[in-house]
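Engineer: Sequence first, then the predicted structure, then my questions.
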Number of protein chains: 2
Amino acid sequence: MMVSDGFGPASQTYGRSYWQFATNRTFNTQTSLDQILIGASRTRSSDSLVTDSAAGATAFSCALKTYNAAIGVDPEGTPCGTVLESAKAQGMLTGLVVTSRITHATPASFSAHVVHRDMESDIALHQMGDYALGRQVDLMFGGGRCFFLPNTTEGSCRTDNRDLLAESVDPKYGWNKAILTRNELNETHLDAGVQLPALGLFHLDHMNFNLDRMNDKKIAAEEPSLNMMVDIALKTLKKAGFKNRSGFFLMIEGSRIGTVVDVVYMAAHNNDPAAHVHEILQYHEVVQTVRNFVRDNPDTVMISTSDHETGGFTLGLQPDPHTYPDYMWRPEAIARSKRSTEVLMHELLSFTGTEKERRTFVKRVILEEGLGVTDATEEEIAFIVSPESPPVEVLQHLGHVLSKRANLGWTTQGHTGVDVNLYAEGSQADRLRGNHENTDIGDFMVSFLDLNLEAITAKLNANLGWFKKTRDGFAAAVSKRDSSQHEKTGR
Amino acid sequence: MMVSDGFGPASQTYGRSYWQFATNRTFNTQTSLDQILIGASRTRSSDSLVTDSAAGATAFSCALKTYNAAIGVDPEGTPCGTVLESAKAQGMLTGLVVTSRITHATPASFSAHVVHRDMESDIALHQMGDYALGRQVDLMFGGGRCFFLPNTTEGSCRTDNRDLLAESVDPKYGWNKAILTRNELNETHLDAGVQLPALGLFHLDHMNFNLDRMNDKKIAAEEPSLNMMVDIALKTLKKAGFKNRSGFFLMIEGSRIGTVVDVVYMAAHNNDPAAHVHEILQYHEVVQTVRNFVRDNPDTVMISTSDHETGGFTLGLQPDPHTYPDYMWRPEAIARSKRSTEVLMHELLSFTGTEKERRTFVKRVILEEGLGVTDATEEEIAFIVSPESPPVEVLQHLGHVLSKRANLGWTTQGHTGVDVNLYAEGSQADRLRGNHENTDIGDFMVSFLDLNLEAITAKLNANLGWFKKTRDGFAAAVSKRDSSQHEKTGR
Ligand SMILES: [Zn+2]
Ligand SMILES: [Zn+2]
């Protein structure tokens, strides 16, 4: 099960078209995804015509519609058994490979049960195995180390002082020692996989955008690409699953396609067209890797779809509302961009020179070398230079400065409701042809793997002590917060 | 062949979701289109990553990529044989049913050959039968009467004084007397069809939006719905085709889904979400009518796709760029709107009272009764009332005032490049599964109907006198114009 988070139909057109441009392919060349388009998925949640990632992923994992922010719980906030848990109960191996924090909404919805996605400290506990069912996941690769460190440690995001990196190796959970950087993955790992249960946490927060990994050796030494993680995961799970005669269920997420940004700024999406396209191209490579696996293993199936669109993204923006547009967009502007606006914003925030030096820095390093924009207007520069400009607005401004050069448009920093594309290949994939509710994809997995979600739901609800404690703790925490402040932390 | 002009994936989600809301259907109810989704179409033209309707329709009709503005000609500006002409050569009956001017880009690309879509006077001649191949079309229903009237007549759009309504009944072309209003269609027509060759021209310009037809008895008396036109066309062509043992090719266009507006303002699209949704709902009805026909006639196939998206349309707009959005859009705001912004703008332009009366008129008639907006801000009202505001901007403003209430977003008044959905049902429809170039749809029609486009192309090019005359005439006219002015007339 592959999830391309925040990836709508326009983003696939954009990714394909940019790829054709950048690699000199003809206009009629299909990407790995195009070749297996079989339909579309309708994405609304139980309480909104526009879903968030939590309700979107729970539709896949529990095969039910729930409210925005719900992680593995139904509309009443009661835990629902997931396909991952049910696969585990059938004796299969299970894995999660993502580029966000591993505790983020999509992977969480397969492996945890909390009433709100913000409860990432609790999500990490469930993923480690500290909840009603014990450890359910055999392989977890992604970011989010900060939720595995005690709050007495620098960089921790936990609300308590539990040290999950230490606890996880306790026989009660049985994890192997966590892998923390790309460089710890040696030739053996790359060839034959890793020891299960395997925990790889390659960043405190979300992993970096692929654009930045490509252009920064330090990042490349610390973080593997999604494609490398998936390759290792498939080798590992196949080998171990073959030994156990069990098979496996693997959820892969291109988590940052919708360019969700670092919590340093805010929990939103930053409309960065260059970071966006390189996440898409990396996802296309991963799709090819998985398709090769499916081709070599005829009893497998792969599904790829999105939880929702992000950004109201458009190719062919009208630059000035009062003149009639020419019908075009410009990939060459995107090709000049070498850094994500997220990384550029980090650099800007840590710049300490005089105002004059700051101006030069913005023009040279941020705009010209970073974004590849050499024709910025005085007004565009001034807003970035000014210490009065709120960082979150500067971040968005950078994305829009680049988008304008490429004639790309966005209507929102949030999600939209458009149906997303549905791709599948392999055994029984034809059953998913056409236009579906997102929950149909959950139903398909249940049927394909012969799962029993009801049995897991019953097990989870047999004694709700474990769940009530976290839920009540969250309710108490929320009631202390300003509710409008709370709204702003939604994603 | 059904073309939903300017109808992208977000618009289908929007139409379905509004329909479920307005008719109290559950969220998982599919529309007539959803049930036959089989893939997507890539829409770029030969000279741009974003197509216009002319190149988009020529990709279907001639099965080749050409430049924006090209009508039935290849990238070199040479006439290319169309599926309609080749079907006619095989002895089939042929028809065009649209809601735009019949001379507009999409129907023109099947039935005319000119180097620029603006040559609508020449397009009408070709459609009547005055070109190399003689009359090729057996049934034409739509708007655009103004291109059939001599320029000595009020309301004419022709560049010459030819009277095509009179010429068309000449035995040389053989058309029956043109039908000019809905009321001329009697019970016999509705039951058994019309006499061929049949010409129905129900408006001087584009036909009215379905929203206005629904809410204005005068319009309903003058103009049939697209669904009624299609119903009559199918009955007529089936009956006559059965008699001739010929079969038929019919092109149907939901021409105004992308809300292209009346030439009174400009050749653009007005981002009117209420007019948009009622064009979509009408199109859904037409799809059901055609699907019923295909079900009853197993040797037929129907295809429905779009030439391109329009508007960069989004469900779930971020109302204020500095606050984080809630994930929602609001169909109830659309349900309150009773008139298109096009018609409201006509009313505003013809209002002659004092400034105070004008203000009351704008608040009551335009905003409250027309758009269903009762909470307009002082600023929103002032822009509409001010005689300084350019009409085209007021028109767009009205659409945005309504869109804001519904949380709908647009990035452009023009087209965008996103892949569009591909729908098909009937004989051999499975061959169109997956992601395709728009030209593949032309290739499918050629193969399904066993056509020979090359033979028609050869015939058209055997003696180019007919073509050279119009092409040179156009070139001379263009060279006289200010080219930037000309740009603005593109669509
Ligand atoms: Zn998401
Ligand atoms: Zn069009």
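Structural biologist: Okay, I see it. Here the structure is a predicted model, which means the values were calculated and not measured. Ligands and ions are numbered 1, 2, ... in the order given.

Engineer: A:V98 falls within a strand, correct?
Structural biologist: Yes - per DSSP: H, G, I helix; E, B strand; the rest coil, A:V98 lies within a strand segment.

Engineer: can you list the domains in chain A?
Structural biologist: A:2-313+A:413-479, A:330-406 (automatic domain parsing).

Engineer: which stretches of chain A have low pLDDT?
Structural biologist: In the predicted model, chain A carries pLDDT under 70 at residues A:261-268, A:318-326, A:479-491.

Engineer: Closest to the centroid, which residue in chain A?
Structural biologist: Centroid-nearest residue in chain A: A:S255, 1.3 Å away (criterion: Cα atoms, centre = their mean).

Engineer: With distance to ligand 1 as extra columns, can I get the domains of chain A in a markdown table?
Structural biologist: C-beta here means a position set from N, CA and C on the backbone, and glycine is covered the same way. Shown next, in a markdown table, are these (distance: least, Cβ to the ion, whole Å):
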| stretch | distance to ligand 1 |
| --- | --- |
| domain A:2-313+A:413-479 | 3 |
| domain A:330-406 | 17 |
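
Engineer: mind checking which of those is nearest B:V3?
Structural biologist: B:V3 lies closest to domain A:2-313+A:413-479 among the domains of chain A, at 18.5 Å (Cβ to Cβ).

Engineer: Please, where are all the helices along the stretch 51-200 of chain A?
Structural biologist: A:53-61, A:83-89, A:105-111, A:120-128, A:164-167, A:187-192 (DSSP state H, counting those that start in this stretch).

Engineer: From A:E85, how far off is A:G134?
Structural biologist: Per Cβ to Cβ, to the nearest Å, A:G134 is found 10 Å from A:E85.

Engineer: cool, A:G409 as well?
Structural biologist: Using Cβ to Cβ, A:G409 is found at 41 Å from A:E85.

Engineer: Tell me which of the domains of chain A sits most buried.
Structural biologist: domain A:2-313+A:413-479 (a mean of 21; mean count of other Cβ atoms under 10 Å in any protein chain shown).

Engineer: ok, which stretches of chain A are strands?
Structural biologist: Counting by DSSP state E, chain A has strands at residues A:2-4, A:37-42, A:93-101, A:139-143, A:198-201, A:248-254, A:301-305, A:309-310, A:314-315, A:408-409, A:415-416, A:420-426, A:434-437.

Engineer: can you put those strands in CSV and add distance to A:N461?
Structural biologist: Output for the strands of chain A, formatted as CSV (distance: least, Cβ to Cβ, whole Å):
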stretch, distance to A:N461
strand A:2-4, 26
strand A:37-42, 28
strand A:93-101, 21
strand A:139-143, 25
strand A:198-201, 28
strand A:248-254, 22
strand A:301-305, 28
strand A:309-310, 34
strand A:314-315, 45
strand A:408-409, 46
strand A:415-416, 30
strand A:420-426, 31
strand A:434-437, 24
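
Engineer: Nearest approach to ligand 2 belongs to which of the ones you listed?
Structural biologist: For ligand 2, the closest of the strands of chain A is strand A:314-315, at 15.6 Å, according to Cβ to the ion.

Engineer: now what about the closest one, what contacts it?
Structural biologist: Under the contact criterion Cβ atoms under 8 Å, 6 or more residues apart in numbering or on different chains, strand A:314-315 has outside partners A:10, A:13-14, A:17, A:329, A:407-411, B:49-50, B:312, B:411-412, B:416-418.

Engineer: and the residue in chain A sticking out farthest from the centre, what is it in contact with?
Structural biologist: Relative to the mean C-alpha coordinate of chain A, counting by Cα atoms, centre = their mean, the farthest residue is A:K356 (38.7 Å). Listed by Cβ under 8 Å, 6+ apart, the contact set of A:K356 is empty.

Engineer: Quick check: it vs A:K363, distance?
Structural biologist: In terms of Cβ to Cβ, A:K356 sits 11 Å off from A:K363.

Engineer: what's the answer for A:S100, then?
Structural biologist: Distance, A:S100 to A:K363, by Cβ to Cβ: 33 Å.

Engineer: what about the residue in chain A that ligand 2 sits nearest to, how many residues close to it?
Structural biologist: Among the residues of chain A, A:Y327 lies nearest to ligand 2; the distance is 10.3 Å by Cβ to the ion. A:Y327 sits with 26 neighbouring residues when counted by other Cβ atoms under 10 Å in any protein chain shown.

Engineer: Can you tell me the closest non-neighbouring residue to it?
Structural biologist: Leaving out its chain neighbours, the residue that sits closest to A:Y327 by Cβ to Cβ, 6 or more residues apart in numbering or on different chains is B:V50, at 3.9 Å.

Engineer: Contacts only, for that neighbour.
Structural biologist: Listed by Cβ under 8 Å, 6+ apart, the contact set of B:V50 reads A:315-316, A:327-329, B:43-44, B:308, B:414-417.

Engineer: Let's see that with 6 Å instead.
Structural biologist: A:316, A:327-328, B:415, B:417 (Cβ atoms under 6 Å, 6 or more residues apart in numbering or on different chains).

Engineer: Likewise for A:G372?
Structural biologist: A:336-337.

Engineer: Can you measure across stretch A:384-398, start residue to end residue?
Structural biologist: 8 Å (Cα to Cα, to the nearest Å).

Engineer: Closest one to A:F448 out of the contacts of B:V50, please.
Structural biologist: So of the contacts of B:V50, ranked by how close each gets to A:F448 (Cβ to Cβ), first place is B:G417, at 35.0 Å.

Engineer: Report the contact partners of the closest one.
Structural biologist: Listed by Cβ under 6 Å, 6+ apart, the contact set of B:G417 reads A:13, A:315-316, B:49-50.

Engineer: Need the nearest residue in space to A:T181, chain neighbours excluded.
Structural biologist: Nearest non-adjacent residue to A:T181, counting by Cβ to Cβ, 6+ apart: A:E222, 4.8 Å away.

Engineer: Go ahead and confirm the residue nearest to the centre of chain A touches A:V98.
Structural biologist: Yes - with contact defined as Cβ atoms under 6 Å, A:S255 counts as touching A:V98 (4.7 Å).

Engineer: Would you mind writing the CA trace of the longest helix belonging to chain A as PDB?
Structural biologist: Across chain A, the longest stretch assigned as helix under DSSP state H is helix A:273-296. What follows is helix A:273-296, C-alpha atoms only, in PDB (Å, rounded to 0.1, in the frame of the first residue of the first chain):
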ATOM      1  CA  PRO A 273       7.100  23.900  -6.500                       C
ATOM      2  CA  ALA A 274      10.700  22.700  -6.700                       C
ATOM      3  CA  ALA A 275      10.700  20.600  -3.500                       C
ATOM      4  CA  HIS A 276       7.300  19.300  -4.700                       C
ATOM      5  CA  VAL A 277       8.500  18.100  -8.100                       C
ATOM      6  CA  HIS A 278      11.500  16.300  -6.700                       C
ATOM      7  CA  GLU A 279       9.400  14.500  -4.100                       C
ATOM      8  CA  ILE A 280       7.200  13.400  -7.000                       C
ATOM      9  CA  LEU A 281      10.100  12.200  -9.100                       C
ATOM     10  CA  GLN A 282      11.500  10.200  -6.200                       C
ATOM     11  CA  TYR A 283       8.000   8.700  -5.700                       C
ATOM     12  CA  HIS A 284       8.000   7.700  -9.300                       C
ATOM     13  CA  GLU A 285      11.300   5.800  -8.800                       C
ATOM     14  CA  VAL A 286       9.800   4.100  -5.700                       C
ATOM     15  CA  VAL A 287       6.800   3.100  -7.800                       C
ATOM     16  CA  GLN A 288       9.100   1.500 -10.300                       C
ATOM     17  CA  THR A 289      11.000  -0.400  -7.500                       C
ATOM     18  CA  VAL A 290       7.700  -1.700  -6.100                       C
ATOM     19  CA  ARG A 291       6.400  -2.600  -9.600                       C
ATOM     20  CA  ASN A 292       9.600  -4.600 -10.300                       C
ATOM     21  CA  PHE A 293       9.000  -6.500  -7.000                       C
ATOM     22  CA  VAL A 294       5.400  -7.200  -8.000                       C
ATOM     23  CA  ARG A 295       6.400  -8.400 -11.400                       C
ATOM     24  CA  ASP A 296       8.900 -10.800  -9.800                       C
END
